[in-house]
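Novice: kindly generate the corresponding structure for this input.
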Amino acid sequence: MKKYINNYLKNPNFFLFFAIVSSAILLMLVGTHTYNVMEDVLENSKQAQIERNDIKDIPFLDEVLTNSALLAATTGDAQWEQRYRLFEPKLDQVIKYLIRLDTLNNLHKMLKLTDNANVSLVAMENRVFELVRDRKLDEAVTIMKGSEYARQKAFYSEGLTTFIKLHELETDKLQTRLRNSAKNSKWFFGLVILLLVIVWLPIERFLRKSRVQMLQQNQELELQIQARKESESKLHESQKQTEKVYEQLQESIKASGVGLWDWNMQTNEVYQSPEWKKQIGYEDDELQGSVEIYMSHLHPDDAKRIEEATKEFISGKRDKFESEYRFRHKDGSYRWILARGSIQFGDNGKPLHLLGSHLDITERKKTEEKINMLAHAVKNSADCIAITDKDYQIIFVNDSFCKVYGYKEEEIVGQPISIIHSEHNLPEVSNDLFSTLAKKEMWTGEVLNKRKVGIDFPVQLSLAPLLNDKGELIAVVGVTRDITERKSAEAEIKKTNAALTKLNAEKDKFFSIIAHDLKTPFNAIVGFSEILDEQVKENNYQGIEEYTGIILHSSQRAMDLLMNLMEWSRSQTGKMEFNPAYFQMTELINEVELLLDNAAGQKSITITKTLPNNVPVFADKNMMSTVLRNLISNAIKFTHPGGWIIISAEEKEGLTVSVIDNGVGIPKDRIEQLFRIDENYSTYGTQNERGTGLGLILCKEFIEKHGGKIWVESEEGKGSIFYFTIP
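Specialist: All right, here's what the predicted structure looks like:
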């Protein structure tokens with residue numbers, strides 16, 4: 001038909017010339033006749049192509065059914081029966097369709113014989129699938145490879161081959177008749193050419209459309225052929241892959257150490273695989289029998305539980321069968337077993353087999369017991385234990401951790417470990433901690449942690465990285481212990497040690513004063529008294545005035561020392577009462593200055609006072625008197641003869657009193673020692689006056705008891721200024 005159309009389109013100008021000459025009626029008749037002939041040829045060609053496709057599908061479908069039955073018999077896999085049920089109706093449908101096509105009954109007899117062979121093959125294949133479902137694979141294979149199946153298969157294949165050949169002959173005869181009919185229409189070409197001249201454009205469009213449709217049909221046909229080839233290739237590859245997977249599955253079962261069992265509910269017999277028996281110490285030909293024999297080997301504490309679980313699974317009350325129980329080994333010991341099972345039902349819906357696996361998990365159970373013991377120990381440990389992942393997210397905390405840090409487990413798990421870190425840790429501590437973990441090493445030390453309420457507290461921390469087989473960090477275990485009480489005890493010990501150190505210093509100072517400072521004035525008094533006594537007896541009065549002055553000065557110094565010792569002793573033993581009251585500070589300064597005026601006059605020192613008229617204070621008057629006496633007497637002691645002293649008071653945020661002199665001054669490296677009893681600093685005055693070293697210490701204690709402050713500003717060789725404040 002395609003060749004005819006091509007010839008028809010070769011010389012359009014020639015057809016156009018004859019179209020003009022021919023009559024319109026003749027052109028219409030010839031055109032109609034030619035068009036009908038073309039349609040008949042085209043339609044017959046399409047129908048022939050469809051029939052050829054259907055016939056070619058028959059061997060393919062037959063091979064699919066045969067292979068499905070054979071694979072089901074050899075593998076026992078139910079998927080091949082499903083595949084068979086999918087393709088078998090298609091083959092029957094094709095054969096019945098071809099019988100209908102044979103309208104002249106030329107091939108009917110052959111088709112009938114082939115169909116009978118097909119029925120026999122289908123019956124044998126259905127029998128095979130029944131045997132496969134009953135797990136009688138050997139019998140199924142025997143049928144597929146038997147002589148009867150081969151005979152029917154040969155007869156069936158021969159019939160199909162003959163049918164295909166005869167059908168092709170019939171089809172070719174029909175095509176030949178149609179082609180001859182087309183050739184007889186050539187004498188109409190002249191009239192058709194005239195028709196093309198008249199109706200060139202409509203015919204040209206029609207032919208173009210027909211050509212496109214035929215091209216599309218050819219493309220679709222090629223795609224179908226290609227798809228069928230790919231399907232056949234995939235089927236072949238699938239068969240190879242299935243065989244490979246089956247072999248791998250067998251090897252995997254052997255390597256996994258899993259035993260298999262099969263309880264036939266019809267016969268009550270239990271089959272166990274060799275690996276199953278091996279796990280409990282039996283040989284392959286031992287321990288075969290009924291389910292009662294199997295149940296008799298269960299541990300008495302597990303037997304009833306397993307029996308009830310099995311019944312519930314068979315009745316449908318349980319979705320799956322999976323149990324752990326103890327089974328008696330051949331040597332009399334019990335082994336822990338993990339059993340899983342599934343039910344195989346018959347066509348009537350009744351359970352036929354309970355199939356499953358059997359795995360010895362004794363070692364795993366022992367390991368689980370150890371892990372449970374360890375988990376119990378960790379959970380109930382007195383120390384706080386936390387575990388984080390490699391990103392330092394908390395994944396576990398024990399009870400002690402929750403108790404000490406104040407979190408519930410669900411609150412803290414999933415949080416970053418930084419939630420308990422205090423921001424008051426020293427940077428070098430945190431850097432050392434994380435650098436040690438980065439090196440996958442343990443770290444131990446003291447850090448500050450934070451409770452849920454935000455309070456910092458000290459802990460003794462130990463961190464241990466957990467590594468996998470590749471040496472990669474997978475988790476970090478942290479153990480902390482609250483050392484608040486220990487730290488408090490250490491602080492108390494330090495405080496006590498400091499107090500003891502201070503007490504020892506005070507004791508040493510006390511004995512130093514008694515042994516040295518108090519001894520010196522009394523030696524002078526005793527010595528010069530003895531001289532006076534001898535001179536009086538001898539009526540020698542030369543130098544008596546000088547000696548009496550020395551005795552008086554030494555007596556006054558001894559009295560000052562005794563007063564300071566007494567006041568200091570009373571303050572240290574808590575026997576000195578603190579009795580604050582309102583009084584005029586100006587009056588007290590004047591009183592103390594008057595008492596020391598004689599001592600200042602002996603050195604020709606001028607004392608100037610810059611005081612407000614009315615300065616009321618709330619303080620202990622006796623303590624303030626001691627403070628003023630010590631500061632003014634020290635100023636007199638360390639001021640050169642002819643020097644000056646200024647005493648001033650200023651009301652600013654309380655009362656500030658200062659004593660200024662232009663004396664010897666104090667070295668800068670000695671200023672901090674003035675108010676410390678453990679750092680004894682005492683020097684001679686400008687006329688070799690000796691201080692006790694207790695005066696300024698008393699001043700500091702008395703001023704601080706009032707909530708005030710005392711300090712000094714001094715430059716060596718230029719004098720000093722002593723300040724104290726009273727709130």
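
Novice: going forward, measure contacts and count neighbours with C-alpha atoms only.
Specialist: Fine.

Novice: these two touch, right, residue 720 and residue 668?
Specialist: No: at 11.2 Å, residue 720 and residue 668 do not qualify as touching, with contact defined as Cα atoms under 8 Å.

Novice: show me which of these two is the more surrounded one.
Specialist: Using other Cα atoms under 10 Å as the criterion, residue 720 and residue 668 rank with residue 720 on top: 23 against 12.

Novice: just say helix, strand or coil for the more buried one.
Specialist: strand (DSSP: H, G, I helix; E, B strand; the rest coil).

Novice: strands of the stretch 1-150 of the chain, start to end?
Specialist: Taking DSSP state E, counting those that start in this stretch as the criterion, the stretch 1-150 of the chain carries no strands.

Novice: one step back: please enumerate the shared neighbours of residue 720 and residue 668.
Specialist: residue 714 (Cα atoms under 8 Å, 6 or more residues apart in numbering).

Novice: for residue 185, report the pLDDT, please.
Specialist: Looking at residue 185, its pLDDT reads 60.

Novice: same question for residue 506.
Specialist: Looking at residue 506, the pLDDT reads 57.

Novice: surely residue 444 is in contact with residue 462?
Specialist: Yes: assessed by Cα under 8 Å, residue 444 is found in contact with residue 462 at 4.4 Å.

Novice: so what sits against both of those two?
Specialist: Contacts common to residue 444 and residue 462, judged by Cα under 8 Å, 6+ apart, are absent.

Novice: shouldn't residue 347 be within a strand?
Specialist: No: under the criterion used here (three-state DSSP), residue 347 is coil, not part of a strand.

Novice: number of residues surrounding it?
Specialist: 8.

Novice: can you check residue 581 too?
Specialist: 11.

Novice: show me what contacts it?
Specialist: 617-621.

Novice: on the three-state scheme, the nearest residue to residue 365 once chain neighbours are set aside is what?
Specialist: With sequence-adjacent residues excluded and distances taken as Cα to Cα, 6 or more residues apart in numbering, residue 365 is closest to residue 336, at 7.3 Å. Residue 336 carries the three-state label strand when classified by three-state DSSP.

Novice: so residue 336 bridges to which residues?
Specialist: residue 326 (DSSP bridges).

Novice: how about the residue sitting furthest away from the middle of the chain, secondary structure?
Specialist: Here the chain reaches farthest from its C-alpha mean at residue 539, the gap being 107.6 Å by Cα atoms, centre = their mean. Secondary structure, three-state DSSP: residue 539 is coil.

Novice: for it, give me phi and psi.
Specialist: Torsion angles at residue 539 (phi, psi; degrees, to the nearest 10) stand at phi 60, psi 30.

Novice: and it, how close does it get to residue 533?
Specialist: Going from residue 539 to residue 533 by Cα to Cα, to the nearest Å gives 10 Å.

Novice: for the stretch 351-500 of the chain, what spans make up the helices?
Specialist: Along the stretch 351-500 of the chain, counting by DSSP state H, counting those that start in this stretch, helices occupy 362-379, 399-405, 409-412, 427-438, 484-512.

Novice: which one of the ones you listed lies closest to residue 281?
Specialist: helix 362-379 (13.8 Å; Cα to Cα).

Novice: now the closest one: mean pLDDT?
Specialist: 77.

Novice: what's the answer for stretch 622-642, then?
Specialist: pLDDT averaged over stretch 622-642 gives 89.

Novice: got the buried residues for that stretch?
Specialist: Neighbour counts over stretch 622-642 (16 or more other Cα atoms under 10 Å) mark 623-641 as buried.

Novice: and for stretch 277-290?
Specialist: Buried-residue list, stretch 277-290, by 16+ other Cα under 10 Å: 277-280, 282.

Novice: gap between residue 360 and residue 442?
Specialist: 38 Å.

Novice: those two: which is more packed in?
Specialist: Between residue 360 and residue 442, counted using other Cα under 10 Å, residue 360 has the larger neighbour count: 21 against 16.

Novice: residues contacting that one?
Specialist: Here residue 360 is in contact with 258, 279, 335-338 (Cα under 8 Å, 6+ apart).

Novice: among the buried residues of stretch 622-642, name the ones in strands.
Specialist: Using DSSP state E, no member of the buried residues of stretch 622-642 falls in strands.

Novice: in helices, which of the residues you listed fall?
Specialist: 623-637 (DSSP state H).

Novice: what count of nearby residues applies to residue 87?
Specialist: The number of residues near residue 87, taken as other Cα under 10 Å, comes to 15.

Novice: I meant to write residue 375 there.
Specialist: Residue 375, neighbours per other Cα under 10 Å, totals 14.

Novice: need the contact list for it.
Specialist: Per Cα under 8 Å, 6+ apart, neighbours of residue 375: none.

Novice: still on that earlier bit, right, so the helices of the stretch 351-500 of the chain: which one is the most enclosed?
Specialist: Among those, helix 399-405 has the highest mean neighbour count (mean count of other Cα atoms under 10 Å), at a mean of 19.

Novice: could you give the mean pLDDT of it?
Specialist: 90.

Novice: residue ranges for the helices of the stretch 1-150 of the chain, please.
Specialist: Going by DSSP H, counting those that start in this stretch, the stretch 1-150 of the chain shows helices at 2-8, 12-21, 24-75, 79-101, 108-133, 137-144, 147-183.

Novice: compare these and say which comes out lowest on pLDDT.
Specialist: Across the helices of the stretch 1-150 of the chain, the lowest-scoring stretch is helix 12-21, with a mean of 43.

Novice: point to the residue nearest the middle of this protein.
Specialist: residue 389 (4.8 Å).

Novice: that residue contacts residue 413, correct?
Specialist: No: Residue 389 is not in contact with residue 413 according to Cα under 8 Å; the separation is 11.0 Å.

Novice: tell me, what's touching these two both at once?
Specialist: Joint contacts of residue 389 and residue 413 (Cα under 8 Å, 6+ apart) are residue 395.
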